[in-house]
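>>> Make a model of this:
(one chain, ligands or ions: 1)
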Amino acid sequence: METSTDDGVAQAGTGTEPATAVPPASLSPSRAGDFMQCPLLYRFRVIDKLPEKPSEAATRGTLVHAVLERLFDAPATERTAPRAKSLVPGQWDRLREAKPELAELFADSDEKAAGERLARWLTEAEQLVERWFTLEDPTRLEPAERELFVEARLDSGLTLRGIIDRVDVAPTGEVRIVDYKTGKAPRPEYAEGALFQMKFYALVVWRLKNVVPRRLQLVYLGSGDVLTYDPVIADLERVERKLLALWDAIRRATESGDWRPRRTKLCGWCDHQEVCPEFGGTPPPYPLPVRAPESGDAAQGRMGPD
Ligand code: SF4
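Below is the predicted model of the structure:
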């Protein structure tokens, strides 16, 4: 059986039945990012739903997010670094119960080596949690929302969806959207790409609540940096136009079956090289009906966050 994340990426399971292919119906920041990185990667994830192996880095991110979310269950004065670190083992157990396939991350015929690797990985998660306390003070925060699922339908019919790590609302009503990253902050020249996800969320909140978030805040636990941006309506209108163009390209590729691979250094992290023409592979048969491509279809693969 296969499991699937909220935005369509299948994860390796224990069964063999194929996933049913359906045309994409909505867009999340992650999947928009996939299409901009490589249209073929988007196809593999969203349409073919090819399984992907869990990774230590992504799973550590999920674990750290869970710990930071659960810490706010405690009264403000008890939201300390030792308490947060103490949540790590329990949240790891909970994660493993929910996704038994994660056990393979630390499977090793050498039990001692596997145990040491797991212990190291848990220590790294604790260090990321601890670093958060140098960047924000949870005793002074009272989030309005945590892990908030948002979904908005634009006038064009495109549905945007995603999960916002934290929403803070000031007594004045000003909204701050916060996202935790367990990696390092990007170099300044790549900041715009990092902010794309936050502007996406800001657009959704604006469309849902008719409120433009006052601040977008990315908290990088890997490097101990905080990146902020105060959006204005023109930013969100620009992102909306960008997403509509992206969605149009996705719709055309879905109908034509013409999904171009786009080889970059990020291919090193792609689980699908075996079925990628850039690496000598052949994609599985396209599971949706196709029509002849339109002349504009070649635009795919050149889209960036800006
Ligand atoms: S290996 Fe690279 S080019 Fe091929 S599907 Fe993955 S990201 Fe795209």
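>>> When you work out contacts or count neighbours from here on, use the C-alpha atoms and nothing else.
Fine.
>>> residue contacts, residue 23?
47, 254, 288 (C-alpha atoms under 8 Å, 6 or more residues apart in numbering).
>>> Got phi/psi on the residue in the stretch 51-200 of the chain that the ligand sits nearest to?
Closest contact between the stretch 51-200 of the chain and the ligand, by C-alpha to the nearest ligand atom, is at residue 52 (11.5 Å). When read as degrees, to the nearest 10, the backbone of residue 52 gives phi -130, psi 140.
>>> can you pull out the helices in the stretch 201-306 of the chain?
233-256 (DSSP state H, counting those that start in this stretch).
>>> is it true that residue 218 touches residue 179?
Yes: Residue 218 lies in contact with residue 179 (C-alpha atoms under 8 Å); the separation is 5.0 Å.
>>> circling back to that earlier point, the residue of the stretch 51-200 of the chain closest to the ligand: how many residues sit nearby?
16 (other C-alpha atoms under 10 Å).
>>> Please apply the same query to residue 114.
Residue 114 has 15 nearby residues by other C-alpha under 10 Å.
>>> Surely it touches residue 107?
Yes: with contact defined as C-alpha under 8 Å, residue 114 counts as touching residue 107 (6.3 Å).
>>> Throw together a ChimeraX command that grabs the buried residues out of the contacts of residue 23.
This is the ChimeraX syntax for the buried subset of the contacts of residue 23, where burial follows 16 or more other C-alpha atoms under 10 Å:
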select :47,254
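>>> Report the entries of the contacts of residue 23 that also contact the ligand.
With C-alpha under 6 Å from any ligand atom as the criterion, the contacts of residue 23 include none near the ligand.
>>> Residue numbers of the protein in contact with the ligand?
Near the ligand, when you scan the chain using C-alpha under 6 Å from any ligand atom, you find 38, 40, 41, 261, 262, 263, 267, 270, 272, 273, 276, 278.
>>> For the fifth one, grab phi and psi.
To tie it back to what came earlier, the one meant is residue 262. phi -140, psi 100.
>>> Do you know the pLDDT at the closest residue to it other than its chain neighbours?
Spatially, and ignoring its direct neighbours in sequence, residue 262 is nearest to residue 38 (4.8 Å; C-alpha to C-alpha, 6 or more residues apart in numbering). Looking at residue 38, its pLDDT stands at 98.
>>> give the contact list for residue 38.
Counting by C-alpha under 8 Å, 6+ apart, residue 38 makes contact with 260, 261, 262, 263, 301.
>>> on that earlier part again, quick check, the residue of the stretch 51-200 of the chain closest to the ligand in contact with residue 271.
Yes: proximity of residue 52 to residue 271 meets the contact threshold set by C-alpha under 8 Å, at 6.1 Å.
>>> Show the buried residues in the residues of the chain next to the ligand.
38, 40, 41, 261, 262, 263, 267, 272, 273, 276.
>>> with those in mind, which one is nearest to residue 232?
The nearest member of those to residue 232, counting by C-alpha to C-alpha, is residue 38 at 29.4 Å.
>>> Flag the shaky bits of this structure, pLDDT-wise.
1-19, 292-306 (pLDDT under 70).
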